[in-house]
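Visitor: Pasted the sequence and its predicted model underneath.
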There are 2 protein chains.
Amino acid sequence: MIDELAALPGIGNKSAQRLAFYIIGMSPERVQHLSESITQAKAHIHYCRCCQNLTDTEICPICSDPARDRTTIMVVENPQDLAAYEKTGKYKGLYHVLHGAISPMLGIGPGDIRLKELMERLQTEPVNEVIIATNSSLEGETTAMYISKLIKPAGIRVTRIASGVPVGGDLEYIDEVTLLRALEGRTEL
Amino acid sequence: MIDELAALPGIGNKSAQRLAFYIIGMSPERVQHLSESITQAKAHIHYCRCCQNLTDTEICPICSDPARDRTTIMVVENPQDLAAYEKTGKYKGLYHVLHGAISPMLGIGPGDIRLKELMERLQTEPVNEVIIATNSSLEGETTAMYISKLIKPAGIRVTRIASGVPVGGDLEYIDEVTLLRALEGRTEL
């Protein structure tokens, strides 16, 4: 059990040992409950057929919500990024989860992320804007450029979330690349 | 001496005491040198007559550099922010240092920052763009809006540096306000 726990991300040998001793001290019912919740989650959680987010229904609650704007799709790298935007409560469109980003360094090509599924959606759904919200990393930017080149010929508007100084940020403590990006991306007031 | 040192920012009582004992242990020449460098700096460093940055010449090296683009002025809150942009090595225009930001909360009004000096420059220099690079805080935004309203009637282009996801940033760990700003400020790809 210690080896299995230590193989999880963010859990080292010491933590694994502490968890293991704690689990052994738990009541049999609680242990049963924990173990079942793990197998059940794995058995029932899968990718939404539409946006590829994790869900326990065939179509996830966001995709099946009639109140969402079906003409806009925000493309994100993973379910955590979707959750971050969903927490703002202001974005009313749909999402598409790529489950990764293109990385020539790690050998991850366009075929290894859920791009094909996005292209299929664009052919069947009434989308007129794709907002690319991949991370502001080398991989995220590469993926954004690739998707943009793929979609634009279809006449769909492709936008990229802004890169710049975070809100509340003090210029003095911000890295040079971000400062330059903020300067290049300046907008009319 | 301990009281004087402890009154400086970032130096607490303990640090002040440690510094004081160190200074007492220094050679008389080094102490003399330290003390003189402090009075000399205070005596010779003043505000550039043009951009209000700190300098030991009447006009600072940036303002007197013939290679700089005199048609663009970047407005910053303080000399540290100017230094941050100068470190990028890519911005070739001039600057204007406000030495503060408008803050109704702290009772700092437009008359308390070096705005009058900026307006005077706009009347005598051939400026066609003012880039407002105040911080992305409440005070910075208030100042940006105020300056914009003041300058725009003169027909000068007023821009604001972009607010958004910092470069290399992972969406998952970015605050909600910044995520929304990045969404609002999205650009065409």
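Guide: Perfect, I can see it now.

Visitor: mind exporting the biggest strand by length in chain A as CSV, just the C-alpha atoms?
Guide: When chain A is scanned for its longest strand (criterion: DSSP state E), the result is strand A:69-76. Extracted C-alpha coordinates of strand A:69-76, given in CSV (Å, rounded to 0.1, in the frame of the first residue of the first chain):
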residue,chain,number,x,y,z
ASP,A,69,-24.3,29.9,-25.6
ARG,A,70,-23.7,27.2,-28.2
THR,A,71,-22.0,29.5,-30.7
THR,A,72,-18.8,29.9,-28.6
ILE,A,73,-16.4,27.2,-27.7
MET,A,74,-13.5,27.9,-25.3
VAL,A,75,-10.6,25.4,-25.9
VAL,A,76,-8.6,24.5,-22.7
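
Visitor: How is chain A partitioned into domains?
Guide: Listed domain ranges for chain A are A:2-27, A:68-160 (source: automatic domain parsing).

Visitor: Give me the contact status of the helix or strand just after the longest strand of chain A with chain B.
Guide: Following strand A:69-76 in sequence order, the next helix or strand is helix A:79-88 (DSSP states H and E). Yes - judged by Cβ under 8 Å from any Cβ of the partner chain, helix A:79-88 and chain B are in contact via A:80-81, A:83-85, A:87-88. Yep, even glycine has a C-beta here, placed from its N, CA and C like the rest.

Visitor: picking up where we left off before, can I get the domains of chain A in TSV with mean neighbour count and mean pLDDT?
Guide: Output for the domains of chain A, formatted as TSV (neighbours: other Cβ atoms under 10 Å in any protein chain shown; pLDDT from 0 to 100):
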stretch	mean neighbour count	mean pLDDT
domain A:2-27	12	92
domain A:68-160	18	94
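
Visitor: For A:H33, which of the ones you listed is the nearest?
Guide: domain A:2-27 (9.2 Å; Cβ to Cβ).

Visitor: Can you check the distance spanned by that closest one, start to finish?
Guide: Terminal residues of domain A:2-27 lie 19 Å apart, using Cα to Cα, to the nearest Å.

Visitor: now stretch A:50-64
Guide: Start and end residues of stretch A:50-64 are separated by 9 Å (Cα to Cα).

Visitor: pull the longest helix from chain A.
Guide: Identified as the longest helix of chain A according to DSSP state H is helix A:28-44.

Visitor: What sits closest to A:P61 if chain neighbours are left out?
Guide: A:T55 (7.2 Å; Cβ to Cβ, 6 or more residues apart in numbering or on different chains).

Visitor: bridging residues for the one you found?
Guide: On the basis of DSSP bridges, A:T55 is bridged to A:H46.

Visitor: which residues does it contact?
Guide: Applying Cβ atoms under 8 Å, 6 or more residues apart in numbering or on different chains, we find A:T55 in contact with A:45-48, A:61.

Visitor: Show me just the buried residues among these.
Guide: Among those, those classed as buried by 16 or more other Cβ atoms under 10 Å in any protein chain shown are A:47-48.

Visitor: how about CSV for the contacts of A:T55, with pLDDT and distance to B:V31 added?
Guide: Shown next, in CSV, are these (pLDDT from 0 to 100; distance: Cβ to Cβ, whole Å):
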residue, pLDDT, distance to B:V31
A:I45, 92, 69
A:H46, 92, 73
A:Y47, 94, 70
A:C48, 95, 71
A:P61, 96, 71
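
Visitor: Out of the contacts of A:T55, the closest to A:E125 would be?
Guide: So of these, ranked by how close each gets to A:E125 (Cβ to Cβ), first place is A:C48, at 13.6 Å.

Visitor: re earlier: could you export the domains of chain A as a markdown table, including distance to B:L122?
Guide: A markdown table is the format used below for the domains of chain A (distance: least, Cβ to Cβ, whole Å):
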| stretch | distance to B:L122 |
| --- | --- |
| domain A:2-27 | 54 |
| domain A:68-160 | 33 |
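
Visitor: looking at those, which is closest to B:T178?
Guide: Judged by Cβ to Cβ, the one of those that comes nearest to B:T178 is domain A:68-160, at 9.7 Å.

Visitor: from the chain's centre, how far out does that closest one sit?
Guide: Computed by Cα atoms, centre = their mean, to the nearest Å, the chain-centroid distance of domain A:68-160 equals 9 Å.

Visitor: repeat for stretch A:1-11
Guide: Stretch A:1-11 sits 24 Å away from the centroid of its parent chain (Cα atoms, centre = their mean).

Visitor: just stretch A:176-189 next, same as before
Guide: Using Cα atoms, centre = their mean, the offset of stretch A:176-189 from its chain centre is 25 Å.

Visitor: Run the contact check for it versus chain B.
Guide: Yes - Stretch A:176-189 lies within reach of chain B by Cβ under 8 Å from any Cβ, at A:176-189.

Visitor: in that stretch, what counts as buried?
Guide: Neighbour count says stretch A:176-189 has A:178-183, A:185-186, A:189 buried, by 16+ other Cβ under 10 Å.

Visitor: Nothing else from me, thank you.
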